[in-house]
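> have a look at this prediction, sequence included:
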Protein chains: 2
Amino acid sequence: MKHVTIRDLSAACGLSVSTVSKALNGYSDISDETRQAVISAAAELGYFPNATARTLKTSRSHNLGVLFVDEYQSGLTHPFFAALLNAFKMEAESRGYDITFISSNLGASAMSYLSHCRYRNVDGVCLACVEFTSPAIRELVESAIPCVTIDHVFNRWPSVLSDNVGGMQHLTDYVISRGHRRIAFVHGQRNSSVTEKRITGFYRSLETHGIPPENVILREGVYVDPLVSYRITNELLSMSDPPTCILLPDDHAYIGAMEAAVQQNIKIGRDISFAGFDGISMTQSLHPRLTSVQQDTEAIGREAARRLIECVEKPNTAGSEPVTIPCKLIRGETVGEVVNSAPVRRP
Amino acid sequence: MKHVTIRDLSAACGLSVSTVSKALNGYSDISDETRQAVISAAAELGYFPNATARTLKTSRSHNLGVLFVDEYQSGLTHPFFAALLNAFKMEAESRGYDITFISSNLGASAMSYLSHCRYRNVDGVCLACVEFTSPAIRELVESAIPCVTIDHVFNRWPSVLSDNVGGMQHLTDYVISRGHRRIAFVHGQRNSSVTEKRITGFYRSLETHGIPPENVILREGVYVDPLVSYRITNELLSMSDPPTCILLPDDHAYIGAMEAAVQQNIKIGRDISFAGFDGISMTQSLHPRLTSVQQDTEAIGREAARRLIECVEKPNTAGSEPVTIPCKLIRGETVGEVVNSAPVRRP
DNA sequence: CAATTTGGCTAAAACGTTTTCGATTACAAT
DNA sequence: ATTGTAATCGAAAACGTTTTAGCCAAATTG
C-alpha cells in the first residue's frame, strides 16, 4: 500500500536504479529500447517519483510560493486576488508546478517570509497585493529566490503590471467623448498605489482634452464599500453645481450610488452618469448596466506564472522588462450623452 | 547564502547532529542545559529544519491537500469555496500546516488525485465542492490518506456539513410566520446535493405548519445567474394566482428578481416578498436589504481543518461523528408581513 | 592487430533530516 | 571491588531520489 519506489521499478525491469532514473529523466546515454521498457513498466506499476526525495536531491521543488497580504482582511475572497490566483495556478499547474501560500505565521513560531520560502524550498515566489516597501518583503526580494511582482517593479526581477493608468485614462476619455465636462472622481484610499495610478490616468486624460482641473471634483472614497459611496454621491448630487458624471472607486460603489440617485429621483444615464472599475459580473446584471473598466486578471496571472517559471528554469537570462497588461473598457448604460453641453467653466 | 543546516548548527554548538536534532524535537534524553544552548544557537543562526528532508525521513509533510472541482468553472472565485478555503487555510497555518491544491492535470502527464497526493506527500486532504461519487474521488477516499469531506459523509472519515436543510427550513418558517401561505421556491440545479437538501428543508417547514403542497410552486432556476431568475420571477408575477413570496436560489438571483419587480411596478416587501441564500455582502447594501440565509463558512473551514489534522496526528482514534454547522438567518427588508391574510386554498 | 573511442550501463555518494541502538560516564547499591 | 541503574550523548542507518565517475564490451580507427 505504500508508495511504489524507484527500487521496485528497477527490480521489475532488472535494471539498476541509476539506469531507471536516467531513463525517466531523458538522459542520452540510455538506449531507446531500455528506456521504453522502463517507461511502460513505470506506467504499469503506477510509479510516480517522490517529489520530496527529488527536491531534497535537486533542490528544485516544482513548487511556487504565492505571497499576498490583503489590506481588507478579505483574504482569498478578495475578488481581484482570487481571479489572479486562479489564473496563476492554472498556468503553473500546466507546467508541472504546485503552489503554496507563503505567510508569516506558520505554526507556533513566527517565521519570516524568506524563512517560510526556504523551509518549503519553493523555486520562486509571486508577490501580489502586498506592501512592497515593508522590511519583510525587502528581505525576500533581496534573497536568491526568484520573485515576480504584480503591480510593482523591482529591477532585479520580472514584473507584470495591470495598466491602471491607461485603464482610467481610457475610461475618462470615453466619458469626455460622451460630452461630459464636469466630472467627479471618487477614488479609493490614498495609501494604495493603484489609487495613485488611477488618479494619474484621470488627470492625464483631462490634460489631453484640455479640461482644467477646476472643472473636476476629487473625493476620497473607499473600495468594496457601497455605503461610503452612497453618502458621497448624495453630497455630490446636492451641490449647487453638480457634476454630470461620477467616476466611482469600484463596482461595489455603484450599489450605493444607484441608491442615492433613485432616492433623489434622478435618472441614471440621463440626469447623472456613473462609471465603476473592475467589471464584476454582478453589476453587469444590474439595470442600468454599469460602465466599467475590467482588469485582465487572467492575463496577469498567466503572465506572472510564465515569467516566474522562466526565471526559475533559466536563471542566466537577463531580467525581462516589466510587461503591462491593458484593461478593457466595458461600455454599459450608465454613461449618458450630454446633449445640451453644459457650459465649461474656464478661469 | 544557502540554507543553514543542522550540521552547521551542530558544529556551532560542538554537539553531534543527533543530539541537536533530539534537543530541538523535545526528546527526553537531552539535558535542559544543552537543550537551551541548542535552541538559542538555532535562533541566532536563523536555523529552520528543511521541511523536505524531514518529510522524506518521517513521511509527514505538514502539508494538507485541498481538492475541489468547481461546477461553474469559477475556480477560486467561487464565493462559497473561497471563504471556506480561507478559513481552512487560517486554521491549518496556525497549526503548522501549509496547503496545496490537488488537481488532476499537473504538468504534461495526467495524474490521478491519489497520485498527486502521494507525489506531494500530503498528510491529509480536504474535499469540497466535488462530485463525490466519481471514480477518481472514490480511489482517493478508499486509500490510506486521511480525508475530510464537506457537505458529504463517507463513514470512514470525518466530515462537516453545512446545515442546508435546517437553514432552508428556518427561512421558510420565518416566511410563514410573516403570514405567507402561497410561496414559490425557485431552487438551484437539480443535480446538486445542496439543492436537494434545501428542498427537503423547505418541505419540512411546510409540513410542520400544515401548508399543503398544492399551495406552493416549485421551479428550477440556476445558481449565480440573475438573468434566469429575472425570467422566472416575471413568469411567477404574471400568474393568475401569484405567490406572495418567492424564495430564490441564491443572493445573485435577487438582482434579477428586483429588476422584474421594478419593471412591473410592484413594491418589494409589500406586494411581493423575496428571500435569498448565502448572505453575500453586496446584497446587504441593496435596497430593500435582502432577507437571506448565511452559511457559516468560517466555522465550516475551521472545523474541517481541525478534524483533518486531528485525524492525521492521532490516527488510532475512532472516526468522529459528522458535525453540522448551523446557518444564520439574516432578516432583511424583503419579506413583508401579509396583513390581509390571503385565503389558503385547501383541496 | 593494437589503440582508441563510443555506447550503455552501474556503484556509490550525496541531499538534510530522524531515530534506533549503543556507548560513556557518574553514582549508588551490593 | 563489582554490579546495576540513570542520565546524556553519539554513530550510523535509513528515507527515495539524482548524478558523477567509472566500468565493460563493442565498434571504430590507425
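Sure thing, it's come through. Numbers count the residues shown, from 1 in each chain, chains lettered A, B, ... in the order given.

> quick check, the strand or helix carrying residue A:117 touching DNA strand C?
According to DSSP states H and E, residue A:117 maps onto helix A:113-120. No: judged by Cβ under 7 Å from any atom of the strand, helix A:113-120 stays clear of DNA strand C, getting no closer than 9.3 Å. Yep, even glycine has a C-beta here, placed from its N, CA and C like the rest.

> and that helix, does that touch chain B?
Yes: using Cβ under 8 Å from any Cβ of the partner chain, helix A:113-120 reaches chain B at A:115, A:118-120.

> quick one: classify residue A:65 as helix, strand or coil.
Classification of residue A:65 using DSSP: H, G, I helix; E, B strand; the rest coil returns strand.

> isn't it up against residue A:121?
No: between residue A:65 and residue A:121 there is no contact under Cβ atoms under 8 Å: 9.8 Å.

> the two: which is more packed in?
Neighbour count, other Cβ atoms under 10 Å in any protein chain shown: between residue A:65 and residue A:121, residue A:65 has more, with 26 against 22.

> that one: what's it in contact with?
A:99-102, A:116-117, A:120, A:122, A:124-126 (Cβ atoms under 8 Å, 6 or more residues apart in numbering or on different chains).

> now it: how far from residue A:104?
As judged by Cβ to Cβ, to the nearest Å, residue A:65 and residue A:104 stand 12 Å apart.

> give me the common contacts of those two.
Each of residue A:116 lies in contact with both residue A:65 and residue A:104 under the rule Cβ under 8 Å, 6+ apart.

> tell me how many other residues crowd residue A:302.
Residue A:302 has 20 neighbours, counted by other Cβ under 10 Å.

> nearest spatial neighbour of it, skipping sequence neighbours?
residue A:91 (4.5 Å; Cβ to Cβ, 6 or more residues apart in numbering or on different chains).

> contacting residues for the one you found?
Residue A:91 sits next to A:301-302, A:305-306 when contact means Cβ under 8 Å, 6+ apart.

> next secondary structure after the helix or strand containing it?
Assigned by DSSP H and E, residue A:91 belongs to helix A:79-94. Downstream of helix A:79-94, the next assigned helix or strand under DSSP H and E is strand A:98-101.

> could you give the mean pLDDT of that next one?
Taken as a whole, strand A:98-101 carries a mean pLDDT of 94.

> in that strand, which of the residues would be classed as buried?
Neighbour-count burial for strand A:98-101, counted by 16 or more other Cβ atoms under 10 Å in any protein chain shown, picks out A:98-101.

> equivalent analysis for stretch A:120-132, please.
In stretch A:120-132, counting by 16+ other Cβ under 10 Å, buried: A:120-130.

> using CSV, write down the CA coordinates of that stretch.
What follows is stretch A:120-132, C-alpha atoms only, in CSV (Å, rounded to 0.1, in the frame of the first residue of the first chain):
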residue,chain,number,x,y,z
ARG,A,120,9.3,24.8,1.9
ASN,A,121,12.1,25.0,-0.8
VAL,A,122,9.9,26.9,-3.1
ASP,A,123,11.5,27.5,-6.5
GLY,A,124,10.2,31.0,-6.8
VAL,A,125,7.5,33.3,-5.3
CYS,A,126,4.8,35.6,-6.7
LEU,A,127,4.2,38.8,-4.8
ALA,A,128,0.8,40.4,-5.2
CYS,A,129,-1.3,42.8,-3.1
VAL,A,130,1.4,43.4,-0.6
GLU,A,131,3.1,46.4,0.9
PHE,A,132,6.2,46.2,-1.2
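
> any idea of the mean pLDDT for that stretch?
For stretch A:120-132, mean pLDDT is 90.

> stretch A:246-265 now?
Mean predicted confidence for stretch A:246-265 is 93.

> show the end-to-end separation of that stretch, please.
End-to-end distance of stretch A:246-265 (Cα to Cα, to the nearest Å): 16 Å.

> near chain B at all, it?
Yes: under the criterion of Cβ under 8 Å from any Cβ, stretch A:246-265 makes contact with chain B via A:252, A:255-256, A:259, A:262.

> any chance of a PyMOL selection covering the buried ones in these?
Only the buried members of those enter the following PyMOL selection, criterion being 16+ other Cβ under 10 Å:
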select buried, chain A and resi 252+255+256+259
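
> out of the residues of stretch A:246-265 next to chain B, which sit inside strands?
Among the residues of stretch A:246-265 next to chain B, DSSP state E puts none in strands.

> which one among the residues of stretch A:246-265 next to chain B gets closest to DNA strand C?
Of all the residues of stretch A:246-265 next to chain B, DNA strand C sits closest to residue A:252, with 46.5 Å by Cβ to the nearest atom of the strand.

> could you look up the SS state of the residue lying closest to the closest one once chain neighbours are set aside?
Leaving out its chain neighbours, the residue that sits closest to residue A:252 by Cβ to Cβ, 6+ apart is residue A:224, at 4.9 Å. Classification of residue A:224 using three-state DSSP returns coil.

> return the residues of the stretch 51-200 of chain A in contact with DNA strand D.
So the stretch 51-200 of chain A meets DNA strand D at A:53-54, A:56-58 (Cβ under 7 Å from any atom of the strand).

> got the CA positions of the host helix or strand of residue A:39 in PDB?
Element membership of residue A:39, judged by DSSP H and E, is helix A:32-45. Once non-C-alpha atoms are left out, helix A:32-45 reads as follows in PDB (Å, rounded to 0.1, in the frame of the first residue of the first chain):
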ATOM      1  CA  ASP A  32      15.800   3.700 -26.700                       C
ATOM      2  CA  GLU A  33      15.000   0.000 -26.100                       C
ATOM      3  CA  THR A  34      15.500   0.100 -22.300                       C
ATOM      4  CA  ARG A  35      14.000   3.500 -22.000                       C
ATOM      5  CA  GLN A  36      10.800   2.200 -23.500                       C
ATOM      6  CA  ALA A  37      10.800  -0.800 -21.200                       C
ATOM      7  CA  VAL A  38      11.300   1.400 -18.200                       C
ATOM      8  CA  ILE A  39       8.500   3.800 -19.200                       C
ATOM      9  CA  SER A  40       6.000   1.100 -19.800                       C
ATOM     10  CA  ALA A  41       6.900  -0.600 -16.600                       C
ATOM     11  CA  ALA A  42       6.500   2.600 -14.700                       C
ATOM     12  CA  ALA A  43       3.100   3.200 -16.200                       C
ATOM     13  CA  GLU A  44       2.100  -0.400 -15.300                       C
ATOM     14  CA  LEU A  45       3.200  -0.100 -11.700                       C
END
